[in-house]
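Student: what would the 3D arrangement of this be:
(one chain, ligands or ions: 1)
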Amino acid sequence: MLSEDPSQTPVSEAGLASILRWYVEMGVDVAVGDMPRDYFAEGAAKAAASDAAPPAEAPAPVAETDPDAPRAQRTAPRLGPPAALPVRSVSGNGSVSPRDALETARELAAGAQDLNALRAAMQAFEGCALKRTASQMVFGDGNPAAKIMLIGDAPGAQEDRQGVPFVGPDGQMLDRMLAAIGLDRTKVYLANVLPWRPPGKRPLNSPEVVVCLPFIQRQIALVSPEVIVCLGDVATQALLGVRESIPRARGKWFEYREEVPDKDSRPIPAMAMFHPTYLLKAPVNKRYAWQDMRALRKALFKKGLC
Ligand code: URA
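Tutor: Have a look, this model is predicted:
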């Protein structure tokens, strides 16, 4: 005898709750649409279309000395990002190879002359798969003229929804830590190593970090803070090259150095601290965070920054 079609069998409330729990445990904790989407198939189709498209004809350069030339056609160095990532090579699943993605990220970052241009450059970047699962990009926030920059790892669920870093429970914890030494978001700039949320806030993998590194490095260069605070392992290791884990590195001062220093670049003092997410999970460590915040305040005071 044929069994009933299981898709037609009504599922009990308890059954539905258990399916939802299973999704959340698998990292599927945000609904982005009613129907499932095959992002891999979409990526492959886009790549095939771009391979098939004839190369766009470049507009003839117009001499910079011609005052009547339309602005967009002058041969001055391009300051803004290209409209879309030039896809150089495409792997089997339609994604850009990590090496090409890194090279493109470097070019886009280097071409951005201010934070708005950098934001646009990052929006145009297709080399990080997290972009496809995130709801939106989470760029830095706070005071872009601040002398203190705090850097976390990647947005969480609430940041992904609102498009602003550190707005979830860990962000509120960070606000309280800042308030304890007289700081708030008008006096600091906040950013993340990665601007897209990893699904289910799973740990980041190193190709994701490496490919996006030029963007946070450029963001640091454009904000040009006098003091950096790296929150957690990812920021501390990726930006400061520190190999110690955060329980050992926290509270210590390091130097952030630009990867390709130019004549104006200088090392920036940078402190490693526990990430507020970790402090929420292990509140017993808040006393170390308090020690570190006091050390930070002392350093800021010495520099005349608070
Ligand atoms: N954790 C981070 O590292 N960054 C955020 O923006 C939020 C949580």
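Student: pairing partners for the closest residue to the ligand within the chain in the sheet, please.
Tutor: Ranked by C-beta to the nearest ligand atom, the top residue of the chain for proximity to the ligand is G152, at 2.5 Å. For the C-beta atoms, the positions are set from N, CA and C on the backbone; glycine is no exception. As for beta bridges, G152 partners with N192 under DSSP bridges.
Student: show me what secondary structure element comes after the helix or strand bottoming out on mean pLDDT in the chain.
Tutor: Ranked by mean pLDDT, DSSP states H and E, the weakest helix or strand in the chain is helix 39-52, scoring a mean of 62. Using DSSP states H and E, the helix or strand that follows helix 39-52 in sequence is helix 98-111.
Student: what residues sit buried inside that following helix?
Tutor: 98, 100-106, 108-109, 111 (16 or more other C-beta atoms under 10 Å).
Student: possible to save these as JSON lines with distance to the ligand and pLDDT?
Tutor: Compiled in JSON lines, those are given as follows (distance: C-beta to the nearest ligand atom, whole Å; pLDDT from 0 to 100):
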{"residue": "P98", "distance to the ligand": "22", "pLDDT": "89"}
{"residue": "D100", "distance to the ligand": "27", "pLDDT": "94"}
{"residue": "A101", "distance to the ligand": "22", "pLDDT": "96"}
{"residue": "L102", "distance to the ligand": "22", "pLDDT": "97"}
{"residue": "E103", "distance to the ligand": "26", "pLDDT": "97"}
{"residue": "T104", "distance to the ligand": "24", "pLDDT": "97"}
{"residue": "A105", "distance to the ligand": "19", "pLDDT": "98"}
{"residue": "R106", "distance to the ligand": "23", "pLDDT": "97"}
{"residue": "L108", "distance to the ligand": "22", "pLDDT": "98"}
{"residue": "A109", "distance to the ligand": "20", "pLDDT": "98"}
{"residue": "G111", "distance to the ligand": "25", "pLDDT": "97"}
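Student: quick check: residues of the stretch 101-250 of the chain near the ligand?
Tutor: 152-156, 159, 165-166, 168, 170-171, 192 (C-beta under 6 Å from any ligand atom).
Student: for C128, state which of those is nearest.
Tutor: A154 (10.6 Å; C-beta to C-beta).
Student: and for the closest one, nearest residue in space, chain neighbours not counted?
Tutor: Once flanking residues are discounted, A154 sits nearest to L194: 4.0 Å by C-beta to C-beta, 6 or more residues apart in numbering.
Student: in three-state terms, label that neighbour for me.
Tutor: coil (DSSP: H, G, I helix; E, B strand; the rest coil).
Student: ok, now which ones touch it?
Tutor: Residues counted as contacts of L194 (C-beta atoms under 8 Å, 6 or more residues apart in numbering) are 128, 130, 153-155, 204, 208-209, 212, 216.
Student: go with 10 Å
Tutor: For L194, the contact set (C-beta atoms under 10 Å, 6 or more residues apart in numbering) comprises 128, 130-131, 134, 137-138, 152-155, 204, 208-209, 211-213, 215-216, 234-235, 238.
Student: pLDDT score assigned to it?
Tutor: pLDDT, the model's per-residue confidence, is 98 for L194.
Student: now swap in the one 5 residues further on and tell me
Tutor: P199 carries a pLDDT score of 93 in this model.
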